[in-house]
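# How does the following fold in three dimensions:
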Amino acid sequence: MTTPDPDPERTPGLEPGGKVPPGETPPAEGGTSGISHPEPPELRKGWGAMPLVLIMVVVALVAIGLIAMVVAL
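Have a look, this model is predicted:
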C-alpha cells in the first residue's frame with residue numbers, strides 16, 4: 001500500500017528544499033469561460049406574507065373565543 005503523500009525527500013522532480021525545477025511543471029492552462037450550469041436562486045430569508053396572515057387569523061380566533069368565554073360567565 002502506498003501513502004497518498006510521499007516523502008518529499010524521495011519525490012522525483014523536486015530540488016533540495018522542496019522546490020520544483022523550471023520545466024518540470026506543465027504549462028499554464030487557459031481558464032474556462034462562463035459556468036457549466038446556472039446557479040440555484042438564493043433562498044429567501046424571512047417569512048412570507050401568507051404564513052404571517054394565517055398565524056394572525058388563528059391568534060385572533062383564539063382571542064375572540066377567550067373573550068366570549070369570559071363574557072359568558
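# and V62, how many residues sit next to it?
10 (other CB atoms under 10 Å). From N, CA and C alone the C-beta is placed, and that goes for glycine too.
# Correction: the previous question concerned M69.
M69 has 9 neighbours, counted by other CB under 10 Å.
# Need the pLDDT of it.
On pLDDT, M69 comes in at 95.
# and it, helix, strand or coil?
helix (DSSP: H, G, I helix; E, B strand; the rest coil).
# mind checking how far it is from G48?
32 Å (CB to CB, to the nearest Å).
# Please enumerate the strands of this protein.
Counting by DSSP state E, the chain has no strands at all.
# Low-confidence stretches in it?
Applying pLDDT under 70 to the chain picks out residues 1-15, 18, 25-36.
# one more time with 90
In the prediction, the chain carries residues with pLDDT under 90 at positions 1-51, 73.
# That one: helices as residue ranges?
49-72 (DSSP state H).
# burial measure for G46, as a count.
Residues lying near G46 (other CB under 10 Å) number 5.
# Check A72 too.
A72 is flanked by 6 other residues according to other CB under 10 Å.
# For L66, see how far away it is.
11 Å.
# and stretch 58-66, C-alpha only, in PDB?
Extracted as PDB, the C-alpha positions of stretch 58-66 are listed here (Å, rounded to 0.1, in the frame of the first residue of the first chain):
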ATOM      1  CA  VAL A  58     -55.500  31.900  14.400                       C
ATOM      2  CA  VAL A  59     -54.400  34.300  17.200                       C
ATOM      3  CA  ALA A  60     -57.500  36.500  16.500                       C
ATOM      4  CA  LEU A  61     -59.900  33.400  16.600                       C
ATOM      5  CA  VAL A  62     -58.300  32.200  19.900                       C
ATOM      6  CA  ALA A  63     -58.600  35.700  21.400                       C
ATOM      7  CA  ILE A  64     -62.300  36.000  20.300                       C
ATOM      8  CA  GLY A  65     -63.000  32.600  21.800                       C
ATOM      9  CA  LEU A  66     -61.400  33.500  25.100                       C
END
